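Chemist: next comes the sequence, and after it the predicted model I'd like to discuss.
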Amino acid sequence: KNYVFGITTTGIVIDSTPLKYWLNKPTLKWEYNYFFYKPSPKIDSFNGYINKFGEYHYKGIPKTKKNISKVQHLIGYAADGFPIYNEIIKKKNKTKLKSSYKIKKGLRPSGPTGKHNGQYNQDYIYVKNKGDLDICNGKFGKTKEYKNGTYYYVLTSDYPYIPRCFRGTPDYSFTTLKKQYQKPKKQFMRTSNY
């Protein structure tokens, strides 16, 4: 099923759905990495995107003018109910949680020609314990809001940016969330603090 990943505490969708496919054919399963080119031609300076239906959603860590991401911050909740945080865990030295994905070595065996270079999501592979986060870009730990600990997802500035799987069972309402959204006002979406 096609779920959006989650929603911010202010109601903006967080979505990892690819923006474009190789040869414009989703069936070939080669998804363009929307952050491969920097700056991304489709993503705004807040890591947001307006789709063809006029819906604004985040494709990475939401950025704000105040840049409150200098500390760990609750961004929102995933479709399965677990909280979503940014990657910072310690304010003093700005320690970041690192994902466990890396670019594969060698040439692509099918699809687009050339070496795995990060241009496509399929250029990446999960390597257990390479970083701090699991295959769903999450971990168990204590946070300001969950002092006894909880599983939580992390949005990272490196691939996969937004988790690509769920630890729990996503709620069905997240399959229709896009249809429920109306086109937001540009002023609102540009000044949101999440």
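Modeler: Yes, it's here. Residues are numbered from 1 along each chain as shown.
Chemist: per-residue confidence for the residue most central in space within the chain?
Modeler: The chain has I162 as the residue nearest its centroid, 1.6 Å off, counting by Cα atoms, centre = their mean. Looking at I162, its pLDDT stands at 96.
Chemist: return the residues in contact with it.
Modeler: Applying Cβ atoms under 8 Å, 6 or more residues apart in numbering to I162 gives the contacts 5, 14-16, 58-60, 137, 155. Every residue, glycine included, has its C-beta placed from N, CA and C.
Chemist: closest one of those to K70?
Modeler: For those, the closest approach to K70 (Cβ to Cβ) belongs to L155, at 14.9 Å.
Chemist: burial measure for that closest one, as a count.
Modeler: Neighbourhood size, L155 [other Cβ atoms under 10 Å]: 27.
Chemist: next one: it from K115, what distance?
Modeler: L155 is 27 Å from K115, where distance means Cβ to Cβ, to the nearest Å.
Chemist: again, but for L28
Modeler: 18 Å.
Chemist: can you check E55 too?
Modeler: Distance of E55 to K115, computed by Cβ to Cβ: 35 Å.
Chemist: same question for P41.
Modeler: The gap separating P41 from K115 is 22 Å, by Cβ to Cβ.
Chemist: looking at the two, which one has more neighbours?
Modeler: Ranked by neighbour count (other Cβ under 10 Å), P41 and K115 place K115 first, with 13 against 8.
Chemist: that one - nearest residue in space that isn't next to it in sequence?
Modeler: L107 (5.7 Å; Cβ to Cβ, 6 or more residues apart in numbering).
Chemist: let me know the pLDDT of that neighbour.
Modeler: pLDDT, L107: 97.
Chemist: now do the one 5 residues further on
Modeler: Note on P112: pLDDT of 95.
Chemist: what does the one 3 residues further on give?
Modeler: K115 is assigned a predicted lDDT (pLDDT) of 97.
Chemist: can you check L133 too?
Modeler: Listed pLDDT for L133 reads 97.
Chemist: what do you get for the one 3 residues further on?
Modeler: With respect to pLDDT, C136 scores 97.
Chemist: which stretches in the chain count as helices?
Modeler: Per DSSP state H, the chain carries helices over the ranges 177-180, 186-191.
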